[in-house]
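Enquirer: pasting the sequence and the predicted model now:
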Amino acid sequence: MNLQSKQYADNKGFCEDLTEGKFSFPIIHSIRSDPNSRQLLNILKQKSDSVELKQFALQLLEKTNTFAYCRQFLAVLEKEARKEIESLGGNKTLEKIMDVLSIKVEEGDVDVSLSYK
């Protein structure tokens, strides 16, 4: 998630989704969570490099519990992928890859209902 990763920001840039005006998964979630607010949409339209504006956008994403939702959504997908690997007889290499890619749900994350099917 380039909206929160310091390593990604160091390599590519801070909050590039906002600068590029991309409707990434977190952006879409936040907009749908607060459909009466047009602030995030207006920020995306600007495609600004302003660090202050990007920090404000991150506050909007936090306000809608977007990062907690994304962590939980990824945890659900991870669980399903691990079940699928197991159902196919297991694969130690894939399991190690899953371990490296694993996103942990943080204590205090808001429990959200997840539906993507």
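Expert: Thanks, I have it. Numbers count the residues shown, from 1 in each chain.
Enquirer: name the SS class of F14, please.
Expert: coil (DSSP: H, G, I helix; E, B strand; the rest coil).
Enquirer: now it: phi and psi?
Expert: The phi/psi pair for F14 (degrees, to the nearest 10) reads phi -80, psi 120.
Enquirer: that one reaches L53, doesn't it?
Expert: No. The pair F14 / L53 is not scored as a contact, 11.0 Å apart, by C-beta atoms under 8 Å. In this view, the C-beta of every residue, glycine as well, is placed from N, C-alpha and C.
Enquirer: which pLDDT value goes with E16?
Expert: pLDDT for E16: 88.
Enquirer: swap that for S113, please
Expert: Predicted confidence (pLDDT) for S113: 58.
Enquirer: and I103, by the same measure?
Expert: Predicted confidence (pLDDT) for I103: 76.
Enquirer: what about it, distance to K45?
Expert: Distance of I103 to K45, given as C-beta to C-beta, to the nearest Å: 29 Å.
Enquirer: neighbour count for the two, which is higher?
Expert: Comparing I103 with K45 by other C-beta atoms under 10 Å, the one with more neighbours is I103, at 14 against 10.
Enquirer: which one is the more buried one nearest to, not counting chain neighbours?
Expert: Distances taken as C-beta to C-beta, 6 or more residues apart in numbering place L74 nearest to I103, at 4.3 Å, with adjacent residues excluded.
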